[in-house]
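Colleague: return a 3D structure for these sequence lines:
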Amino acid sequence: MRAILHVDMDAFYASVEERDRPELKGTPLIVGGTGGRGVVAAASYAVRRFGVRSAMPMREALKLCPQAVCVPPRMARYQAVSAQVFAIFHEFTPLVQGLSVDEAFLDVTASRRLKGDAEAIGAEIRRRIRAATELSASVGIAPNKLLAKIASDLAKPDGMFRLGAENLHPVLDALPIQRLFGVGQKSLPGVQAAGIYTIGDAARASEQVLWRAFGKHGRAMQALARGIDERPVDADREEKTISAEETFAQDIRDPAELDRHLTALADRAAARLRAHGLAAGRISVKIRRADFKTYTRQCLLGQPTQDTAVVSGAARRLLAAWLAGQPDAALRLLGVGAGDLGALRQANLFITEPARDSRLDAAVDGIRGRFGSAMLTRASLLPRRPRTGSGPRRS
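Modeller: Have a look, this model is predicted:
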């Protein structure tokens with residue numbers, strides 16, 4: 001029988017902030033944008049008691065917990081810690097399927113002969129993560145991915161739980177149906193209206209009830225409710241795009257201000273490329289007007305890159321071309337995406353020294369990774385000061 005682990009870091013972004021700033025430990029902490037349209041990127045367990053959750057609008061979160069401490073995300077820092085965690089995963093198995101920076105499936109079926117049973121492997125992974133990062137992780141153990149994910153949710157925070165033949169139905173059947181993959185907030189009312197409130201209800205439902213609840217997907221959903229999931233751990237699964245975007249607190253018309261925001265987003269996207277050891281062959285910009293109409297513009301690069309200057313230059317040209325056709329447009333959102341991703345390769349074997357821009361990017365990443373993204377800002381991101389009449393003039 002397969003042995004699948006789902007390893008999920010506990011409140012990852014917030015936990016990193018608490019580790020780096022001990023004075024935040026135990027406080028109701030929110031990581032996210034603080035503007036009027038900001039959203040919660042992560043919530044500490046202390047603030048979750050007030051009902052605050054990730055992806056919640058910041059305004060709503062602060063109504064629930066006005067005393068919450070809000071800090072901006074430091075993506076470069078989280079990526080650096082994530083790299084440490086994933087390196088530990090690969091010490092136990094090559095079959096690692098990353099789902100995000102803070103969670104992954106691991107197939108340790110073949111690892112048991114050398115590393116011990118699944119429980120021993122899970123416990124050792126948790127121990128090594130804590131030793132290397134001072135952070136906690138929750139581990140779910142099961143014969144398939146669906147059950148491993150449910151098991152890790154049941155283990156949170158900072159625990160380990162196994163779902164197997166000995167406890168599968170007593171545990172699974174009692175869980176609310178929204179714990180089942182494929183049942184979200186939009187579909188939940190219709191599922192409950194059909195009389196299905198728990199996973200056990202779906203496992204035992206008739207074909208007519210399944211049709212009313214799930215339509216043509218009824219049989220497939222019943223199989224999941226019975227704990228059947230044959231999906232393999234896909235170690236070759238790669239992120240198809242890397243992106244960064246921002247929703248503005250107020251709509252922006254000024255081209256210079258838009259340019260600064262876009263440059264900052266390009267900086268973030270390029271930093272993520274470097275953290276993953278990837279290069280992009282295509283750059284795109286996402287543009288959303290005040291009326292919510294959304295546009296995407298993209299271009300191919302002559303050579304794959306992870307350099308901030310190249311990513312930023314391509315994104316700025318794309319935005320400038322779009323603005324030329326809509327010069328007075330007010331924008332509520334901008335995004336920069338990097339696609340056609342692949343492992344970074346040396347473009348010219350005769351070039352032994354990295355380019356100046358690459359050395360600068362490496363230095364910036366190192367400083368931000370150690371001290372936080374707010375510690376160092378590129379000059380191109382600083383607001384431009386208006387000229388005064390006191391300085392010398394050229395004729």
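Colleague: flag every buried residue along stretch 195-207.
Modeller: Buried residues in stretch 195-207, defined by neighbour count with 16 or more other Cβ atoms under 10 Å: Ile196, Thr198, Ile199, Gly200, Asp201, Ala202, Ala203, Ala205. Bear in mind the C-beta positions are built from the backbone N, C-alpha and C, glycine included.
Colleague: likewise for stretch 328-340?
Modeller: Buried positions in stretch 328-340, judged by neighbour count with 16+ other Cβ under 10 Å: Ala329, Leu331, Arg332, Leu333, Leu334, Gly335, Val336, Gly337, Ala338, Gly339.
Colleague: can I get the lengthiest helix in the chain as CSV, trimmed to CA atoms?
Modeller: Counting residues, the longest helix found in the chain (DSSP state H) is helix 255-276. C-alpha atoms of helix 255-276 as CSV (Å, rounded to 0.1, in the frame of the first residue of the first chain):
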residue,chain,number,x,y,z
PRO,A,255,1.7,57.2,-15.5
ALA,A,256,4.7,57.9,-13.3
GLU,A,257,3.1,56.4,-10.3
LEU,A,258,1.9,53.4,-12.3
ASP,A,259,5.4,52.9,-13.5
ARG,A,260,6.8,52.8,-10.0
HIS,A,261,4.2,50.2,-8.9
LEU,A,262,4.9,48.1,-11.9
THR,A,263,8.6,48.3,-11.3
ALA,A,264,8.1,47.1,-7.8
LEU,A,265,6.0,44.2,-9.0
ALA,A,266,8.6,43.2,-11.5
ASP,A,267,11.2,43.3,-8.7
ARG,A,268,9.1,40.9,-6.7
ALA,A,269,8.4,38.5,-9.6
ALA,A,270,12.1,38.4,-10.6
ALA,A,271,13.1,37.7,-6.9
ARG,A,272,10.7,34.7,-6.9
LEU,A,273,12.3,33.5,-10.2
ARG,A,274,15.7,33.6,-8.5
ALA,A,275,14.4,31.9,-5.4
HIS,A,276,13.2,29.0,-7.5
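Colleague: by contact count, what packs against it?
Modeller: helix 75-89, strand 242-252, strand 278-289, helix 308-325, strand 331-343, helix 356-371 (3 or more Cβ pairs under 8 Å, 6 or more residues apart in numbering; DSSP states H and E).
Colleague: switch the cut-off to 10 Å
Modeller: When contacts are defined as 3 or more Cβ pairs under 10 Å, 6 or more residues apart in numbering; DSSP states H and E, helix 255-276 sits against helix 75-89, strand 242-252, strand 278-289, strand 294-305, helix 308-325, strand 331-343, helix 356-371.
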